[in-house]
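for reference, the sequence and a predicted model appear below.
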Amino acid sequence: MNATVYTVFLTIAAVMLAAGFFIFAWRVVVGPDSMDRVLANDGITASLQCALALYICWSLDTTVVNVMIVIALLGFIATLSVARFRKRDGSL
């Protein structure tokens with residue numbers, strides 16, 4: 001594949017990831033209830049993993065794979081703990 005075409009595809013993917021990240025961040029700040037915030041947090045975790053994968057494609061450096069695994073595990077544990085201990089938004 002031509003290097004310029006590869007760079008263009010990676011740039012388009014990076015712009016789309018950045019836009020998605022800002023949409024998720026807005027949902028965390030504005031979200032009407034806690035489940036919207038949890039879903040946005042999952043989206044941010046997935047976007048961060050995709051951004052690290054994009055970095056791997058861009059630099060051909062695989063040293064961040066361990067970081068991706070840690071982020072995936074932390075995102076899973078966070079979602080699991082919120083699902084386990086969540087109360088209704090209006091209850092005490």
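Looks like it came in fine. Residues are numbered from 1 along each chain as shown.

so which elements touch the helix or strand harbouring residue 77?
Residue 77 is part of helix 65-85 when elements are defined by DSSP states H and E. The helices and strands touching helix 65-85, judged by 3 or more Cβ pairs under 8 Å, 6 or more residues apart in numbering; DSSP states H and E, are helix 34-59. Every residue, glycine included, has its C-beta placed from N, CA and C.

so how far is residue 55 from residue 64?
As judged by Cβ to Cβ, to the nearest Å, residue 64 and residue 55 stand 6 Å apart.

and what of residue 41?
Per Cβ to Cβ, residue 41 is found 21 Å from residue 55.

of the two, who's got more company?
Comparing residue 41 with residue 55 by other Cβ atoms under 10 Å, the one with more neighbours is residue 41, at 19 against 16.

which residues does the more buried one contact?
Neighbouring residues of residue 41 by Cβ atoms under 8 Å, 6 or more residues apart in numbering: 24, 28, 75, 78-79.
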